[in-house]
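# Sharing a sequence plus its predicted fold:
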Amino acid sequence: MKHFFLWLSLIAGAAAWAQGSCASDGQPMPLALTERFISADCAPCWSAPSPSPAAAGALTIDWIVPSARGDEAPLSAAASRDAWLRLETLGRAAPATSFSTRTQVKGDPGGTLRVAHGVALGGYIGASIELKTSGQARQHQTLSAWLVLVETIAAGADGTASERNLVRNVLLSSWSAPEPASTTAPASYRETRPLSIPPGATAARLRVVGWLQDAHGRVLSAAQSVCAPPG
């Protein structure tokens, strides 16, 4: 039965991607990636106005980092173990309270990044991240592709004074450039997966964001999905 639901989720996701109803198509590329990290121990950090409000043109996401208190931490229900992976990638330690980072998006004319997702079904949501490039622009590079399922929570909802894009699930892929002999041909990289929806998440508020990062930690491109109004 679980595999049946996974299959249905992928079919629903494919239909949505074909329609372009929940995708980054037509959206401007974010100018920066802002990441706000909150310890699961720090309930006041969630409810207080963020010291790093979302800046115009920036893609802003929120990570809740698990603490040593485990399920006893006040924000443990929304904590993500993927936050540890992201902190390790950034070379940062888990916060005692909270902190934020901001990385400029370099912008890469050699490729176009696209993210998309389908409808939630059976506890999963189909999602994809895709890069189309000339090939030459990617020669000798290995990129990390981050596809992140976020729950967009409006300011004043769920006890937060600031709008949040709360990280709910993560897919991390490594994309290697084609062999030098083939770099004159356009290349395409794509990951399509069903992402599980954790308990407590509101499916109607879910969407996906993504970015590409090189071995030096530079963010080359970023994108976020927007759902078209029904009808």
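Received, thanks. Residues are numbered from 1 along each chain as shown.
# what about stretch 125-133, average pLDDT?
For stretch 125-133, mean pLDDT is 92.
# Sort out which residues of it are buried, please.
Neighbour-count burial for stretch 125-133 flags 125-131, 133 (criterion: 16 or more other Cβ atoms under 10 Å). Every C-beta, even on glycine, is put in place using the N, C-alpha and C of the backbone.
# what's the spacing between it and its chain's center?
In this view, stretch 125-133 has its centroid 11 Å away from the chain centroid, taken as Cα atoms, centre = their mean, to the nearest Å.
# Convert it to PDB, retaining C-alpha atoms only.
Output in PDB follows, covering the C-alpha atoms of stretch 125-133 (Å, rounded to 0.1, in the frame of the first residue of the first chain):
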ATOM      1  CA  ILE A 125       4.500  15.200  -2.200                       C
ATOM      2  CA  GLY A 126       6.300  14.700  -5.500                       C
ATOM      3  CA  ALA A 127       9.000  17.300  -6.100                       C
ATOM      4  CA  SER A 128      11.800  18.000  -8.700                       C
ATOM      5  CA  ILE A 129      14.800  20.100  -9.200                       C
ATOM      6  CA  GLU A 130      16.300  20.500 -12.700                       C
ATOM      7  CA  LEU A 131      19.200  22.300 -14.300                       C
ATOM      8  CA  LYS A 132      19.600  22.900 -18.000                       C
ATOM      9  CA  THR A 133      23.000  24.100 -19.100                       C
END
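# Filter the buried residues of stretch 125-133 down to just the ones in strands.
Using DSSP state E, the subset of these located in strands is 125-131, 133.
# The residue nearest in space to the middle of the chain: what's it in contact with?
With distances taken as Cα atoms, centre = their mean, residue 148 lies nearest the centre of the chain, 2.3 Å away. With contact set as Cβ atoms under 8 Å, 6 or more residues apart in numbering, residue 148 has these partners: 61, 167, 169-171, 208-210.
# at 7 Å what do you get?
Residue 148 sits next to 61, 167, 170, 208-210 when contact means Cβ atoms under 7 Å, 6 or more residues apart in numbering.
# so for the helix or strand residue 44 falls within, what's the average pLDDT?
Assigned by DSSP states H and E, residue 44 belongs to helix 43-47. When pLDDT is averaged over helix 43-47, the result is 96.
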